[in-house]
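Trainee: just the structure for this:
(chains A and B)
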Amino acid sequence: MFQNTYQHQFLFVNMSEFKKVSRSENYSEWYNYIVDAAELAQHSAVKGCMVIKPYGYAIWEKMQADLDKRFKATGHSNAYFPLFIPKSLFEAEEKNAEGFAKECAVVTHYRLKADPNNKGKLIVDPEAKLTEELVVRPTSEAIIWNTYRGWIQSYRDLPILINQWANVVRWEMRTRLFLRTAEFLWQEGHTAHATKDEALAETKQMLEVYASFAEDIMAMPVIKGVKTANERFAGADETFCIEAMMQDGKALQAGTSHFLGQNFAKAFDVKFTGKDGKQDFVWATSWGVSTRLMGALIMTHSDDEGLVLPPKLAPIQVVIVPIFRSEEDLAAIAAKVEVIKFQLEEKGISVKFDQRDTLKPGFKFSEWELKGVPVRLAIGMRDLQNNTIEIARRDTKEKKSLSMDNLTHEVLTLLDDIQNNLYQRALNFRSERTKVVNSKEEFVKVLDEGGFALAHWDGLSETEDKIKEEFKATIRCIPLDNIREVGVCFFTGNPSQERVVFARAY
RNA sequence: CGGGGUGUAGCGUAGCCCGGUAUCGCGUCUGCUUUGGGAGCAGAAGGUCGUAGGUUCGAAUCCUGCCACCCCGACCA
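Mentor: The predicted model follows:
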């Protein structure tokens, strides 16, 4: 699938062995390899749960920091609600409760005690049964709307614009690091409004926030769209989403923004008195992105040499590798590097000087490539004499020698260039693999090759179900900027007003 | 949750069929020589063979349960 792009198939596993892992041969094995080798995350002793390692968490923190800024800039405040939700609250909004029921962890007891029959072991104390079971939140609408009821009396209390950074638990049958884990980290925004229009505007605004974050920061092009009824969030009137294409041509839902109508207000009896003195139910939205974005990031840019990070998310943007023979050489180089490092850091660039003296430069090059550091500088005695430095970019693997005089400017320009190039490359990839299809034959061909199929659909849920059953593909979204175009459904031949995006999905 | 596979030192593995407490490489540690794309030599450390039982004089090896991971389904962000 990618044979023309990358020839290297031999990779270093934990810097200790060459292993054959290439995107084209086994995409999921390649993905696991990147997560492991770049030290992003690992499996834990708990089934389906992951340990996010420091380097992976540093990337997540950068995502959080940027998103948080955007949430604040659009008027939201952070707050925190409990991990546990009483079952009676959880079941209040029926559709939502049903949607999540199959994957809820439930707390039934609050105490352990020594096992009388097995010394040193503990058992659940049967005397300590909770009078009401607690659901570990798969999402927080229930506990939040139960709380909002006490906060809202009049239109003057609205809107409420709150976000929370939290962990949630969804007991998944089949898990994959970052993409689908039983516990994951996310943010969930929950807003309350006096009018439908305002809530809808909020829903769309947050979709825009997600889209610009994905494109400007993650360098990941996304399609903004609305979900069909089949794919809609349980409890929502309308679900908006951003969909991205991974390098195997499969779709990944990268973020969702829900217009919840008055469903939760009705379920939790949240009313407000309007200017006119009349009471009405509050309008709601919720929106979220999760550590799944880490998976999206990996699968959008990385290659057979390892992780590729857009500069705006790279914990280390520039790594400097000294090339030296003696300690005196290293001291001389280090003195120069300190100056360079200071100048770069002054411009807000994060710099790592890799002084380890037990490893050869080539080894370090590979290791930092594996970790996706966007720019590498290499400097040796020859450079000191010539006032030059070698600069290499991770995205294209090009390198060149340049004068040290203008280095800071060159690095800044290159970081920008890499950020843009990654976006453009991903956009080109998506464009090449997005095809207009009018028949089942074309449809299957596009999906089997990996890609998005733009096809007419008759708007019926049952048609969508049949397509899913036969082709394992779903409607990812109906693009917001869709062109109206009269046609016939490729599956049923029924009339259709527009094309929708079909794909196999994560 | 169904089908298939795997689990031996930090990583990758040999041994398993035909029971006799473990092979090799990489990494790690020490020393010397090295360093412009994954260094060399010498020495050393490191393993309750996923886990709990069973069979046996004796189990990495045979049997059973459990756990975890991978691949394919169903479900899902």
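
Trainee: how about the strands in the stretch 301-450 of chain A?
Mentor: A:318-323, A:351-353, A:375-380, A:388-393, A:399-403, A:434-436 (DSSP state E, counting those that start in this stretch).

Trainee: report the buried residues of stretch A:404-420.
Mentor: For stretch A:404-420, a neighbour-count test (16 or more other CB atoms under 10 Å) marks A:404, A:407, A:408, A:410, A:411, A:414, A:415, A:417, A:418, A:419 as buried. (Each C-beta comes from the backbone N, C-alpha and C, glycine too.)

Trainee: residue A:389 is in contact with the fourth one, correct?
Mentor: No. Residue A:410 sits out of contact with residue A:389 when judged by CB atoms under 8 Å, with a separation of 9.1 Å.

Trainee: what's the overlap in contacts for these two?
Mentor: When CB atoms under 8 Å, 6 or more residues apart in numbering defines a contact, the residues bordering residue A:410 and residue A:389 alike are residue A:402.

Trainee: give me the helices and strands touching the helix ranked longest in chain A, please.
Mentor: Counting by DSSP state H, the longest helix found in chain A is helix A:407-432. Other elements packing on helix A:407-432 under the criterion 3 or more CB pairs under 8 Å, 6 or more residues apart in numbering; DSSP states H and E are strand A:238-245, helix A:292-301, helix A:327-346, strand A:375-380, strand A:388-393.

Trainee: same thing but 7 Å
Mentor: helix A:292-301, helix A:327-346, strand A:375-380, strand A:388-393 (3 or more CB pairs under 7 Å, 6 or more residues apart in numbering; DSSP states H and E).

Trainee: what sits up against the first one?
Mentor: To tie it back to what came earlier, the one meant is helix A:292-301. A:31, A:34-35, A:40, A:56, A:59-60, A:63, A:178-179, A:184, A:218-220, A:244, A:246-247, A:252, A:254, A:307-308, A:310, A:313, A:422, A:426 (CB atoms under 7 Å, 6 or more residues apart in numbering).

Trainee: what angle sits between that helix and strand A:238-245?
Mentor: On the basis of axes from the mean of the first three to the mean of the last three CA atoms, to 10 degrees, helix A:292-301 is oriented at 40 degrees to strand A:238-245.

Trainee: do helix A:292-301 and RNA strand B meet?
Mentor: Yes. Looking at helix A:292-301 against RNA strand B by CB under 7 Å from any atom of the strand, the contacts come from residue A:292.

Trainee: buried sites along stretch A:269-279?
Mentor: When burial is assessed from 16+ other CB under 10 Å, stretch A:269-279 yields the following buried residues: A:270, A:271, A:272.

Trainee: what residues are up against the second one?
Mentor: It stands for residue A:271. Shown here is residue A:271, whose contacts under the criterion CB under 7 Å, 6+ apart are A:279, A:280, A:281, A:282.

Trainee: 10 Å instead?
Mentor: With contacts taken as CB atoms under 10 Å, 6 or more residues apart in numbering, residue A:271 has the following neighbours: A:149, A:152, A:153, A:154, A:262, A:265, A:278, A:279, A:280, A:281, A:282.

Trainee: distance of it from RNA strand B?
Mentor: Using CB to the nearest atom of the strand, to the nearest Å, residue A:271 is found at 28 Å from RNA strand B.

Trainee: show the pLDDT at that residue.
Mentor: Per-residue confidence for residue A:271 comes out at a pLDDT of 98.

Trainee: cool, residue A:148 as well?
Mentor: Per the predicted model, pLDDT is 98 at residue A:148.

Trainee: which pLDDT value belongs to the spatially most central residue of chain A?
Mentor: Centrality entry for chain A: nearest residue to the mean C-alpha point is residue A:293, 0.9 Å, by CA atoms, centre = their mean. According to the per-residue confidence, residue A:293 scores 96 in pLDDT.

Trainee: now do the helices in chain A.
Mentor: When assigned using DSSP H, the helices of chain A occupy the ranges A:27-37, A:54-73, A:87-90, A:94-101, A:141-151, A:196-212, A:263-267, A:292-301, A:327-346, A:361-370, A:381-386, A:407-432, A:440-449, A:461-471.

Trainee: most tightly surrounded among the ones you listed?
Mentor: Per residue and on average, the most neighbours among these fall to helix A:292-301, with a mean of 25 (mean count of other CB atoms under 10 Å).

Trainee: just want the angle from that one to helix A:196-212.
Mentor: Angle between the axes of helix A:292-301 and helix A:196-212 is 50 degrees (criterion: the same axes, to 10 degrees).

Trainee: so residue A:307 is in contact with residue A:41, correct?
Mentor: No. Counting by CB atoms under 10 Å, residue A:307 sits too far from residue A:41 to count as a contact (12.0 Å).

Trainee: overlap in contacts of these two?
Mentor: Among the neighbours of residue A:307, those also in contact with residue A:41 (CB under 10 Å, 6+ apart) are A:35, A:55, A:56.

Trainee: pull the CA atoms of stretch A:428-439 into PDB?
Mentor: Once non-C-alpha atoms are left out, stretch A:428-439 reads as follows in PDB (Å, rounded to 0.1, in the frame of the first residue of the first chain):
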ATOM      1  CA  ASN A 428      -3.200  15.000  -0.300                       C
ATOM      2  CA  PHE A 429      -3.300  11.400   0.900                       C
ATOM      3  CA  ARG A 430      -7.000  11.900   1.800                       C
ATOM      4  CA  SER A 431      -7.800  13.600  -1.500                       C
ATOM      5  CA  GLU A 432      -6.200  10.700  -3.500                       C
ATOM      6  CA  ARG A 433      -8.200   8.200  -1.500                       C
ATOM      7  CA  THR A 434     -11.600   9.900  -1.500                       C
ATOM      8  CA  LYS A 435     -13.600   8.800  -4.500                       C
ATOM      9  CA  VAL A 436     -17.000   9.500  -5.900                       C
ATOM     10  CA  VAL A 437     -18.800   6.100  -6.400                       C
ATOM     11  CA  ASN A 438     -22.100   5.300  -8.100                       C
ATOM     12  CA  SER A 439     -22.200   1.500  -8.000                       C
END
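
Trainee: identify the residues contacting that stretch?
Mentor: Under the contact criterion CB under 10 Å, 6+ apart, stretch A:428-439 has outside partners A:2, A:5, A:220-223, A:244-249, A:300, A:442-447, A:449-456, A:485, A:487-488, A:490-491, A:499, A:501-503.

Trainee: go again using 7 Å as the cut-off
Mentor: Here stretch A:428-439 has contacts from A:221, A:245, A:247, A:249, A:443, A:446, A:450-455, A:490, using CB under 7 Å, 6+ apart.
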